[in-house]
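> Turn this into a structure:
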Amino acid sequence: MIRGHGGDIYGLAHNIGCQTDDIIDMSSNTNPLGSAPGLLEHLKKNLTAVNAHPEVDSKNLIDAFARQYKIRTDQVLAGNGTTQFIFTSPLALGTKKALIFGPTYADYGDACQMYKIDCEYVMAK
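Coordinates of the predicted model:
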């Protein structure tokens with residue numbers, strides 16, 4: 001379970017007695033200013049085009065990225081956000097011990113704990 005990922009505006013609002021709209025959540029990649037002008041209208045007009053899940057292997061995305069940046073496709077990894085990479089990298093790398101520099105995402109420590117990886121923290125002053 002991801003415990004420290006952040007973005008728990010519902011629990012925070014409950015604990016401090018306010019509405020979720022009163023909270024600006026800097027731990028997530030949401031825009032406190034709202035959607036870009038025209039985005040919601042564009043999505044409404046094109047919603048019927050969203051009729052399938054993305055490719056399982058992200059082949060077209062990887063190919064396009066590699067072409068754009070003039071690198072080989074085997075140098076590109078596609079994932080479902082940073083959290084997926086943080087939680088799968090220790091397994092892929094066979095990590096036994098980690099040094100986590102902070103302050104940073106709680107996910108690094110949570111991933112180490114999940115896989116029983118010994119980790120130490122160094123905090124900036």
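> For the protein, which segments count as helices?
9-16, 39-46, 59-69, 82-93, 107-114 (DSSP state H).
> Next, the buried residues of the fourth one.
By that I understand helix 82-93. Ile86, Phe87, Pro90 (16 or more other CB atoms under 10 Å). In this view, the C-beta of every residue, glycine as well, is placed from N, C-alpha and C.
> Go ahead and confirm the last one touches Ala111.
Going back to what we said before, that points to Pro90. Yes: shown here, Pro90 and Ala111 form a contact pair, counting by CB atoms under 8 Å, at 5.7 Å.
> which neighbours do those two share?
Common neighbours of Pro90 and Ala111, counting by CB atoms under 8 Å, 6 or more residues apart in numbering, are Ile117.
> List the contacts of Met114.
Counted by CB under 8 Å, 6+ apart, Met114 has contacts Phe87.
> hmm, try it at 6 Å
If you count contacts by CB atoms under 6 Å, 6 or more residues apart in numbering, Met114 has none.
> Over to Leu61?
Ala78.
> So Ala111 sits against Gln84, correct?
No: counting by CB atoms under 6 Å, Ala111 stays clear of Gln84, with 10.6 Å between them.
> Quick check: which of the helices of the chain is nearest to Asn31?
helix 39-46 (10.0 Å; CB to CB).
> Count the neighbours of Ala111 for me.
24 (other CB atoms under 10 Å).
> Could you check how far it is from Pro103?
Using CB to CB, to the nearest Å, Ala111 is found at 16 Å from Pro103.
> Could you do Arg67 as well?
Applying CB to CB to Arg67 and Pro103 gives a distance of 37 Å.
> Can you give me the pLDDT of the closest residue to Phe101 other than its chain neighbours?
Nearest non-adjacent residue to Phe101, counting by CB to CB, 6 or more residues apart in numbering: Val122, 5.3 Å away. Looking at Val122, its pLDDT is 96.
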